[in-house]
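Student: Here's my sequence, what's the structure:
(one chain, ligands or ions: 1)
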Amino acid sequence: MKIYVIGLGPGGEEQMTLRAVRALEQCDCIAGYPLYLQLIDNLIVGKERIETPMKREVERCAAARDAALAGKTVAMVSSGDAGVYGMAGVMHEVCEAYPDIEIEVIPGVTAACAGAAVLGAPLIHDFAVISLSDLLTPWEKIEKRLCAAAEADFVICLYNPSSKKRADYLQRACDYILQYRAAETCCGTVHSIGREGEHGELCTLAELRDKKVDMFTTVIIGNSQTRVIHGKLVTPRGYKDV
Ligand code: SAH
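Tutor: Alright, predicted model coming up:
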């Protein structure tokens, strides 16, 4: 009995790993959020699908587990990397009482790395990834992590920077970070990485505070050394003789 938990990368087929493509070929049944299944539509023609809407993740994993128990080889797909705000953890939890099910996690290119490549090379040094979604994490904890990362001069990558219900979260996050970081700190946003309409933009931390972004955006806030070189966001690695 086998379940693959597969990271699809940020968008198109060209950003998937070969290992992910090969694993999908092995499977009889593919589980995932409908938008992600749509992105790999031509790779899963004729395969059974388990689709449940957003916020029904546990249910989706249980359905995948039941398909595996019925003898099918199942893939649970996530965008980016399945182990970064994805389905890999919950799949292990849901199968805890079923040790005969083998779970193989196949890594993918996470939005932080794919987005960084669009902007230049901002993550070259220590960085912190923080999600602004308070669906599963209390806001006080998010606030604490933002402040700790800002104080320690990490490059900060924000996932889930906004949604209809959380329209001002990015603004609030920038206000915390501005307590420790200069208003001119170099930042960038990337929308729809690897998908139609991919768009990267550079700005200062002060400008980021007033920017409208949506949930298909990844935000990168530079550290105190990050600068712009020929329109690209670059964090120096520290080499002295360049
Ligand atoms: N497992 C995913 C992350 C899921 S959390 C990964 O590893 O990439 C969802 C958040 O990830 C979004 O709100 C956004 O901030 C970021 N994200 C995921 N895919 C993206 C894409 N194609 N373009 C821009 N941001 C993306």
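
Student: Now the residue of the chain at minimum distance from the ligand. Nearest residue, chain neighbours left out?
Tutor: Nearest residue of the chain to the ligand, counting by C-beta to the nearest ligand atom: residue 80, 2.0 Å away. All C-beta atoms are positioned from the backbone trio N, CA, C, and that covers glycine. Among residues not flanking residue 80 along the chain, residue 110 sits closest, at 4.3 Å (C-beta to C-beta, 6 or more residues apart in numbering).

Student: Now do the one you found against residue 139, distance only.
Tutor: 23 Å (C-beta to C-beta, to the nearest Å).

Student: So for the two, which sits in the more crowded spot?
Tutor: residue 110 (26 against 13; other C-beta atoms under 10 Å).

Student: That one reaches residue 78, doesn't it?
Tutor: No: Residue 110 is beyond contact range of residue 78, at 9.9 Å (criterion: C-beta atoms under 8 Å).

Student: Give me the residues contacting the worst-scoring helix or strand of the chain on mean pLDDT.
Tutor: When each helix and strand of the chain is scored by mean pLDDT, DSSP states H and E, helix 34-39 comes last, with a mean of 88. Here helix 34-39 makes contact (C-beta atoms under 8 Å, 6 or more residues apart in numbering) with 8, 11-12, 30, 44, 49, 51, 53, 77-79, 195.

Student: what's the spacing between it and its chain's center?
Tutor: 16 Å (C-alpha atoms, centre = their mean, to the nearest Å).

Student: could you check whether that helix is close to the ligand?
Tutor: No: using C-beta under 6 Å from any ligand atom, we find that helix 34-39 stays clear of the ligand, coming within 9.4 Å at best.

Student: Neighbouring strands of the helix or strand that that helix is followed by in the sheet, and parallel or not?
Tutor: Under the assignment DSSP states H and E, the closest C-terminal helix or strand after helix 34-39 is strand 48-51. Paired strands of strand 48-51, with direction, are strand 29-32 (parallel) (DSSP bridges).
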